[in-house]
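S.K.: would you be able to build a 3D model of this:
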Amino acid sequence: MAGIGFELKHLFRKKGLFAAFRAYGYAGIICTGPMILGIVQLLGVMFLAECFGASRHSQELLVCMITYTLLASLMVTSFFSMVVTRFVADMLYEEREEAVMSSFWGSSGLMLVGGSLLYGVFLLFSGASLRDGLLCLCLFGELILVWNAMSYLTAIKDYQSILLSFGAAVVITFVTGFLLLLAGLPAVEALLLAVSVGYGVMMIWDVVLLHRYFHLSDAGAFGFLKWMDEYLPLAFTGLCLNIGLFAHLVIMWAGPIRVQVEGLFYGAPYYDVPAMIAFLTSLVTTVHFVVSVEVNFYPKYRNYYSLFNDKGSIKDIQQAESEMLDVLVRELKYTAIKQLFTTVLCISFGKLVLELLPLGFNDVMQGYFRALCIGYGLYAVGNTVLLMLLYFTDYRGALVVAVAFAAGSSVFTALSMAGDTVYYGFGFVAASAVFFLLSVLRLDAFTRRLPYHILSTQPIVSEDRSGMFTRMGLFLDQNEER
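M.R.: The predicted structure is shown next:
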């Protein structure tokens, strides 16, 4: 949501190194916390399993189950997250806060029912034991609520409480896992249960935070589905971005370097581990987007659009547009430079650091890591540009770019598998390069004719975009009342 940086502005006004670290830390946790949490917990349970002498098969099965569950939950929520965020922003703007909490439970219920059915069918035929399958399904449900809550928590700006929920989840996961392994439970069941307990605590914490700020009312829980019809390109943009991010991993699980861990659980450890570490290099750009782009760009953006609403003169509008676009170009340039510096630094010194970690990195994995660092760096900058397209409500342009990224990630990765295994990862690099170039070209073309898009592309009369989702929402709300 536009304006997430209000509290960060307050933090940055404070002088001193500690205040700056605090502001950057809050921004990093809010924007990248869920992903960092997933990676930290995954590395943590691997460490615990290794310390307690779990077999190699148990460790690989545990990693596969957690990874599959994480990706499945992210794919389900990705279709709703952007639309839900738009709905919450509209409700806050219209001062209809009573509809926010109802929509959270409505959207969570739809994702839990639909997602659990699909993932439950997979688990049924996956070859997992009944206990492991139920634990995975439980974790899946918790993750659905956690990811969905994050779309709502951006409106709260209670950064300290959100930070504490992340910390509590990590600590409780490690402590619970240690105690269960110490009690003699099998490694897979013990650590799956520990991760479920950790995310469960975070889920409860986040829901309590939401209820503290948004009280539950009699508003229809499924009214947000009207926004699905209104902003359907947003839904598919979120879905395609996740497909582009994860398609290269899934395709590798079907390639020559795959390892069948058990039943339908496959992995490619030589590729997955470098990808997981390389992804962390892209988080620098995400943090910079919130701290610099939103904090510095948003006031110019708000001033420019307010002139249209407040009958500003043509000269004032042109001046505000020039200032806004100058700030936009400058911040995007700084973002790209910071990401380039981070990528070069990680490639240069990554080998020294990764050899110190107990992850079994060899020369092939080092090559994958270097290639994927470039790929994720290009993706990170391209994603920032795409977010600016969403700022300017160029939803169709953003969708075209996201679809190209999803298709490129799938096609280029599949084509790369026809060559030598040392070139794996270059397919994702090519897809990210296309994503970056298309997003930049689209933003440049759109902003060149910004007044036209604001004034001349809007419908002359009000359009009724009610469709399948609107009818579904009305049907569900009527049944809820009964």
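S.K.: show me where the stretch 101-250 of the chain dips below the pLDDT cut-off.
M.R.: 154-160 (pLDDT under 70).
S.K.: show me the helices in it, by range?
M.R.: With helices called from DSSP state H, counting those that start in this stretch, the stretch 101-250 of the chain shows them at 130-153, 159-182, 187-213, 225-230, 232-252.
S.K.: wait, residue 406 sits on residue 247?
M.R.: Yes: the pair residue 406 / residue 247 is scored as a contact, 6.7 Å apart, by C-beta atoms under 8 Å. Yep, even glycine has a C-beta here, placed from its N, CA and C like the rest.
S.K.: nearest to residue 87, out of the helices of the stretch 101-250 of the chain?
M.R.: Of all the helices of the stretch 101-250 of the chain, it is helix 225-230 that lies closest to residue 87, at 4.6 Å by C-beta to C-beta.
S.K.: need the contact partners of that closest one.
M.R.: Helix 225-230 has contacts (C-beta atoms under 8 Å, 6 or more residues apart in numbering) with 80, 83-84, 86-87, 90, 106, 235, 465-470, 472-473, 476.
S.K.: please repeat the previous calculation with a cut-off of 10 Å.
M.R.: Contact partners of helix 225-230, identified using C-beta atoms under 10 Å, 6 or more residues apart in numbering, comprise 79-80, 82-88, 90-91, 103, 106-107, 110, 220, 234-235, 463-477.
S.K.: who touches both of residue 406 and residue 247?
M.R.: 240, 431.
S.K.: coming back round to it: of all the helices of the stretch 101-250 of the chain, which lies closest to residue 418?
M.R.: Using C-beta to C-beta, the nearest of these to residue 418 is helix 232-252, at 12.1 Å.
S.K.: any idea which helix or strand comes after that closest one?
M.R.: strand 259-262 (DSSP states H and E).
S.K.: residue 266: which element?
M.R.: strand 265-267.
S.K.: ugh, wrong one, residue 276
M.R.: Secondary structure assigned from DSSP H and E places residue 276 in helix 269-279.
S.K.: report all helices and strands that that helix contacts.
M.R.: helix 17-51, helix 56-93, helix 232-252, strand 259-262, helix 314-354, helix 363-391 (3 or more C-beta pairs under 10 Å, 6 or more residues apart in numbering; DSSP states H and E).
S.K.: can you rerun that using 8 Å?
M.R.: If contacts are counted by 3 or more C-beta pairs under 8 Å, 6 or more residues apart in numbering; DSSP states H and E, helix 269-279 sits against helix 17-51, helix 56-93, helix 232-252, helix 314-354, helix 363-391.
S.K.: quickly note the distance from the nearest residue to residue 147 once chain neighbours are set aside to residue 196.
M.R.: Leaving aside its chain neighbours, residue 147 sits nearest to residue 77 (4.2 Å; criterion: C-beta to C-beta, 6 or more residues apart in numbering). Separation of residue 77 from residue 196 (C-beta to C-beta, to the nearest Å) stands at 18 Å.
S.K.: now do residue 165
M.R.: 16 Å.
S.K.: do the same with residue 87
M.R.: For residue 87, the distance to residue 196 - C-beta to C-beta - is 29 Å.
S.K.: residues contacting the residue nearest to residue 147?
M.R.: 111, 144, 147-148.
S.K.: which regions of the stretch 251-400 of the chain lie under the pLDDT threshold?
M.R.: In the stretch 251-400 of the chain, residues with pLDDT under 70: 290-294, 357-360.
S.K.: nearest residue to residue 90 other than its sequence neighbours?
M.R.: Using C-beta to C-beta, 6+ apart, the closest residue to residue 90 is residue 227 (7.5 Å).
S.K.: what's the local residue count around the one you found?
M.R.: Applying other C-beta atoms under 10 Å, we find 26 residues neighbouring residue 227.
S.K.: over to the one 10 residues further on?
M.R.: Around residue 237 sit 29 other residues, with neighbours defined as other C-beta under 10 Å.
S.K.: that one touches residue 83, doesn't it?
M.R.: No: between residue 237 and residue 83 there is no contact, the gap being 9.6 Å when judged by C-beta under 8 Å.
S.K.: gap between residue 440 and residue 409?
M.R.: 18 Å.
S.K.: can you pull the pLDDT of the closest residue in space to residue 59 that isn't next to it in sequence?
M.R.: Closest residue to residue 59 apart from its sequence neighbours, by C-beta to C-beta, 6+ apart: residue 49 at 4.8 Å. Note for residue 49: predicted pLDDT of 83.
S.K.: can you check the one 4 residues further on too?
M.R.: With respect to pLDDT, residue 53 scores 83.
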